[in-house]
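Asker: fold the following.
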Amino acid sequence: MFTHILNALSNLLFFILHVQPAGSFPKALSAEEEREALQRMKEGDESARARLIEHNLRLVAHVVKKYYSASDCQDDLISIGTIGLIKAVSTFDGDKGIRLATYAARCIENEILMYFRAAKKTSQDVFISDPIDSDKDGNPLTLLDIIATEDNIADDIDLKIKIGKLRGFIGRLGARERQIILMRYGLNGDEALTQREVADKMNISRSYVSRLEKKALDDLRCMFDGTGAAGNNKSK
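Answerer: Presented below is the predicted three-dimensional model:
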């Protein structure tokens, strides 16, 4: 459970520090900038990894818009697709001869497809070993393999410090916003819930959950920026 919560906090931390409000995504990197960032990431530069993720967020929006424009849970799909993007950048191997955008789009779509498949079944275990790609030797690459490669994130000292701050900041949110963040990102040890599932549990509308979630993320972002937040307004 500790690993689950740590991963959930890591993902939430990325959304707060990198995903801009109102769907404003940074422009894509040039081919030269991408090659440079990939090389720096290969050498262990975590800031280069974060830059690659941040500047490919438009790809998540593109996949969601192209294939799931009729869905009524766009915010959820953007969040889920971003997790796929994080995994794609973390496991990308340029030596395999494919472009990062191609590989990332596949991982984003697979993450979203897994969400839809899981929604129709009571257990996700049946999908954890599903192949989503192959490694340079032609061996199947599964979701479990991808999750396993992210252990180094939890060992990063800077990330641990930020996660410690994040825990404290979440405690300063209003009661309702805090509850929504805990359920949406699986910070209570359970699986992360969609906005609709949170709305059902709290007996409020999905649109209200969306507004409160965005407010909570904005407040957390302000706390990290040192500009304060509306944390003193405790929701009833």
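
Asker: point out where this structure drops to low pLDDT.
Answerer: Within the chain, the segments meeting pLDDT under 70 span 1-24, 67-72, 119-162, 227-236.

Asker: which residues in it form helices?
Answerer: 2-18, 31-42, 46-54, 57-68, 74-91, 100-119, 143-148, 151-155, 157-171, 175-184, 195-202, 206-225 (DSSP state H).

Asker: distance to residue 25 and mean neighbour count for those helices - can I get that in CSV?
Answerer: All C-beta atoms are positioned from the backbone trio N, CA, C, and that covers glycine. Below are the helices of the chain laid out as CSV (distance: least, CB to CB, whole Å; neighbours: other CB atoms under 10 Å):
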stretch, distance to residue 25, mean neighbour count
helix 2-18, 10, 17
helix 31-42, 16, 15
helix 46-54, 8, 18
helix 57-68, 4, 18
helix 74-91, 10, 22
helix 100-119, 14, 18
helix 143-148, 23, 16
helix 151-155, 22, 13
helix 157-171, 22, 14
helix 175-184, 20, 21
helix 195-202, 20, 17
helix 206-225, 15, 18
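
Asker: roughly how far apart are residue 180 and residue 81?
Answerer: 20 Å (CB to CB, to the nearest Å).

Asker: swap in residue 108?
Answerer: 5 Å.

Asker: which neighbours do these two share?
Answerer: Overlap between the contact sets of residue 108 and residue 81, as judged by CB atoms under 8 Å, 6 or more residues apart in numbering, is given by 60, 63.

Asker: from residue 56, how far out is the residue lying closest to residue 107 once chain neighbours are set aside?
Answerer: Closest residue to residue 107 apart from its sequence neighbours, by CB to CB, 6 or more residues apart in numbering: residue 88 at 3.7 Å. As judged by CB to CB, residue 88 and residue 56 stand 8 Å apart.

Asker: mutual contacts of those two, please.
Answerer: 100, 104.

Asker: just the CA atoms of stretch 219-228, as PDB, please.
Answerer: Output in PDB follows, covering the C-alpha atoms of stretch 219-228 (Å, rounded to 0.1, in the frame of the first residue of the first chain):
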ATOM      1  CA  ASP A 219      -4.600  25.900  -4.200                       C
ATOM      2  CA  LEU A 220      -1.900  23.300  -4.000                       C
ATOM      3  CA  ARG A 221       0.000  24.900  -6.900                       C
ATOM      4  CA  CYS A 222      -0.100  28.200  -5.100                       C
ATOM      5  CA  MET A 223       1.200  26.600  -1.900                       C
ATOM      6  CA  PHE A 224       4.200  25.200  -3.900                       C
ATOM      7  CA  ASP A 225       4.700  28.600  -5.500                       C
ATOM      8  CA  GLY A 226       4.600  30.300  -2.100                       C
ATOM      9  CA  THR A 227       1.800  32.600  -3.200                       C
ATOM     10  CA  GLY A 228      -0.600  31.200  -0.600                       C
END
